[in-house]
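J.: pasting the sequence and the predicted coordinates here, then a few questions.
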Amino acid sequence: MNLGKKVSGRGHPEGILYSHKHLKRLVVHAGLREIQSFWAIPDVRYPEAFVSSDARSIRVARKGEQFKRAGSRFERMILPLLPAAAVRHVMPGHVFIARKPQKQLS
């Protein structure tokens with residue numbers, strides 16, 4: 001817990017937000033490979049679609065009806081203004097799929 005929270009008496013945070021880069025690094029550090037990144041639309045709790053987080057897939061998804069319902073009102077307002085390559089750094093509902101490397105048989 002950081003000193004600021006300790007002094008203010010706020011206690012531990014309810015959750016932790018990681019950047020795309022940091023979350024990917026944590027997944028790799030855990031020993032997982034073949035990492036794929038997706039955006040759960042409209043919401044990670046009740047996804048209707050998973051869009052790959054590469055810029056090309058995001059450009060295509062922006063044209064779809066599901067994109068219009070993605071996230072909060074603020075997110076729906078700001079996401080169309082961002083370049084497609086930057087969306088993965090701020091998109092809500094970020095999902096990673098990773099696999100354990102297969103063990104070599106001796």
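T.: Received it, and whenever you're ready, just let me know what you need. Numbering: from 1, shown residues only.
J.: what stretches of this protein score poorly on pLDDT?
T.: 1-13, 66-71, 104-106 (pLDDT under 70).
J.: work out which residue lies at the spatial centre of it.
T.: Centroid check for the chain by C-alpha atoms, centre = their mean gives H94 as the closest residue, at 2.1 Å.
J.: run through the strands of the chain in chain order.
T.: 33-41, 49-52, 94-99 (DSSP state E).
J.: so how far is L81 from S52?
T.: Using C-beta to C-beta, to the nearest Å, S52 is found at 21 Å from L81. Yep, even glycine has a C-beta here, placed from its N, CA and C like the rest.
J.: if you count surrounding residues, which of those two has more?
T.: S52 (15 against 7; other C-beta atoms under 10 Å).
J.: the more buried one contacts A40, doesn't it?
T.: No. Applying C-beta atoms under 8 Å, one finds S52 not in contact with A40, separated by 11.6 Å.
J.: gap between the two ends of stretch 46-65?
T.: End-to-end distance of stretch 46-65 (C-alpha to C-alpha, to the nearest Å): 16 Å.
J.: how far does that stretch sit from its chain's centre?
T.: 13 Å (C-alpha atoms, centre = their mean, to the nearest Å).
J.: in that stretch, what counts as buried?
T.: Of all the residues in stretch 46-65, those buried under the rule 16 or more other C-beta atoms under 10 Å are P47, F50, V51, S53, S57, I58, A61.
J.: and if you look at stretch 33-45?
T.: Quick answer for stretch 33-45 (16+ other C-beta under 10 Å): S37, F38, W39, A40, I41, P42.
J.: and those residues as a markdown table, adding distance to H20?
T.: Below are the buried residues of stretch 33-45 laid out as a markdown table (distance: C-beta to C-beta, whole Å):
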| residue | distance to H20 |
| --- | --- |
| S37 | 7 |
| F38 | 11 |
| W39 | 11 |
| A40 | 14 |
| I41 | 16 |
| P42 | 19 |
